[in-house]
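Novice: This is a predicted model, with the sequence first.
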Amino acid sequence: MATFPAYPTHPGPPGGAPPAGAPRRPHWWQRWGCLPARAQPRVWGRVRYGALATLLALSGLVILALVRQQTGTEGFLVGLGLAVLPVPLLLAAFRWLDRVEPGPWRNLLFAFAWGACAAALIAIVANSFATRWIATATADPSSADTLGATVIAPIVEESAKATAVLLVFLFRRRDFTGIVDGVVIAGVTATGFAFTENILYLGTAFGTDQLSGERGLASVTAATFFVRVVMAPFAHPLFTVFTGIGFGIAALSAERRRLRRVLPPPAGLLLAMGMHAVWNGSSSFGEYGFFAVYGAFMVPAFGLLTFLVIWTRQRELRTVRAELPAYAVAGWLTPPEPHVLGSMRARRLARRYAAHHFGRAAARSVARYEACATSLAFLRHRGRGGRAGADFVVRERELLHELWRRREVARPSLAYAARVTAPAVPVPPPWPAYGPSGGYGFGYGYVPVQPSPRDGRPYPGPTVPGPAYGPHRP
């Protein structure tokens, strides 16, 4: 049975720093590389980021050329202007879900770029190749299009989007700790993919209207915009989010439970493919097949998933309130901080207070303090459930060090938020009090400080209305 580390002791005087944790095991390039040990992680990190940025940039240029070739310059600009409308709303929604333990912006930027560039390029090339091959093999272009939309496209597109979630899960494991992280990464990736796909569909529809002379609400562009942007802007994120949930369940599972770590991601991917196939095939279910699938399948699934994610978010806040009080007892946090850090309203008030009184830099420092404290609570919670990694102690020390460095800036703001959001203490009904004549009356307010009959020193009165002794007290 593995032992669980005790809570770290208080670091001592305010000027002290937390003791360093155990040294990390060097990576293979640190053991065998020719560069100095300090320079190797930085150099290899830049090489990795450079290669990834180059790949995404090349994918973006190729997808831009392909979309422009199919839609024309004017159609591309119209499609771009219309497709961008739902993007800020979707990104804001996923960012709101991620406010409890906000992940780095670079992860979200990578996810959106992968969906808009790499995944879209893979989908266009693979779908076109598969559809042409089926049409050639069967000599039936109409059935090839139907098969490509209902079978090939869901498999190719969901696999391409799931790759981004897999990469973040493998290489940004510290930032991928649960279901909400999987939902956010998957949703942002699918938002980028839908953005590029909407440009293609809307641009093509505009080109069709240009040839037919249709204008206004009766145009193909208006119908495409209504279906893809107004009615179902959440379609692609809804599909891919199930893949993210699968990876989130794997992240929450202990290492000894191999099935729970291995089975959920492919199960979530298969569910995403199935939903995508039903959605794409709704047009072949009859005249009202699309609306039937939308009302009986898509909307309930979206509502259920929204409830699940919000419930998970509230559960994370409860975890913060449950785990952090022990660090307050150990001296790392002040007693009111667990309550503040477990309330989104209190955290928001603390950031606003810091920004108003100390500047934006202080507000960013408070936000970082809140994020580190939340990560610390989740880390301890995973360790309590046997899901912490081998670097648990090192990671805990790193987070405590980040908190300790920012305590002078963050604590006044958190104390203000605690005063504003502290739960009200119920005041009991007035108690009988002795009056000056010895009779009973009802006293209100605080009892004044009376001199002690023994040594003459005052003693404090009660903090709530209670029995008050009059001047005739012996």
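Specialist: Good, I have the coordinates.

Novice: Poorly predicted segments of this structure, please.
Specialist: In the predicted model, the chain carries pLDDT under 70 at residues 1-45, 139, 254-255, 287, 423-474.

Novice: What residues of the helix or strand harbouring Ala418 count as buried?
Specialist: Taking DSSP states H and E as the definition, Ala418 sits inside helix 407-421. Neighbour-count burial for helix 407-421 flags 407, 409-418, 421 (criterion: 16 or more other Cβ atoms under 10 Å). (Glycine included, C-beta is placed from N, CA and C.)

Novice: Now do the strands in the stretch 101-250 of the chain.
Specialist: Counting by DSSP state E, counting those that start in this stretch, the stretch 101-250 of the chain forms no strands at all.

Novice: Against Trp404, how distant is the residue positioned nearest the centre of the chain?
Specialist: Nearest to the mean C-alpha position of the chain, by Cα atoms, centre = their mean, lies Asp98 at 2.4 Å. Separation of Asp98 from Trp404 (Cβ to Cβ, to the nearest Å): 25 Å.

Novice: and the strand or helix carrying Arg46, what does it pack onto?
Specialist: Using DSSP H and E, Arg46 sits within helix 39-83. Under the contact criterion of 3 or more Cβ pairs under 8 Å, 6 or more residues apart in numbering; DSSP states H and E, helix 39-83 touches helix 28-32, helix 105-113, helix 120-138, helix 179-212, helix 220-225.

Novice: Out of those, flag the one nearest Ala251.
Specialist: helix 179-212 (7.0 Å; Cβ to Cβ).

Novice: Now do that closest one and helix 105-113, the angle between them.
Specialist: Calculated by axes from the mean of the first three to the mean of the last three Cα atoms, to 10 degrees, helix 179-212 forms an angle of 40 degrees with helix 105-113.

Novice: Who are the packing partners of helix 179-212?
Specialist: helix 39-83, helix 87-97, helix 105-113, helix 120-138, helix 153-171, helix 220-225, helix 235-252, helix 299-323.

Novice: run the last query once more with 6 Å
Specialist: helix 39-83, helix 87-97, helix 105-113, helix 153-171, helix 220-225, helix 235-252, helix 299-323 (3 or more Cβ pairs under 6 Å, 6 or more residues apart in numbering; DSSP states H and E).

Novice: So for it, what gets flagged as buried?
Specialist: 179-207, 209.

Novice: who's in contact with the residue nearest to Ile122 when sequence neighbours are not counted?
Specialist: Of all residues beyond its chain neighbours, the one nearest Ile122 is Ala160 (4.3 Å), with distances taken as Cβ to Cβ, 6 or more residues apart in numbering. Contact analysis of Ala160 by Cβ atoms under 6 Å, 6 or more residues apart in numbering lists 119, 122-123.

Novice: Which among those count as buried?
Specialist: Neighbour-count burial (16+ other Cβ under 10 Å) applied to those gives 119, 122-123.

Novice: Return the helix holding Ala418 as PDB; C-alpha atoms alone will do.
Specialist: Only the C-alpha atoms of helix 407-421 are listed here, as PDB (Å, rounded to 0.1, in the frame of the first residue of the first chain):
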ATOM      1  CA  ARG A 407       1.200  36.100  -1.100                       C
ATOM      2  CA  GLU A 408       2.000  39.800  -0.400                       C
ATOM      3  CA  VAL A 409       0.000  40.900  -3.500                       C
ATOM      4  CA  ALA A 410      -2.800  38.300  -3.400                       C
ATOM      5  CA  ARG A 411      -3.700  38.200   0.300                       C
ATOM      6  CA  PRO A 412      -5.100  41.700   0.700                       C
ATOM      7  CA  SER A 413      -7.400  41.200  -2.300                       C
ATOM      8  CA  LEU A 414      -8.500  37.700  -1.100                       C
ATOM      9  CA  ALA A 415      -9.200  39.200   2.400                       C
ATOM     10  CA  TYR A 416     -11.400  41.800   0.800                       C
ATOM     11  CA  ALA A 417     -13.300  39.200  -1.200                       C
ATOM     12  CA  ALA A 418     -13.700  37.100   2.000                       C
ATOM     13  CA  ARG A 419     -15.200  40.100   3.900                       C
ATOM     14  CA  VAL A 420     -17.700  40.700   1.100                       C
ATOM     15  CA  THR A 421     -18.700  37.200   0.400                       C
END
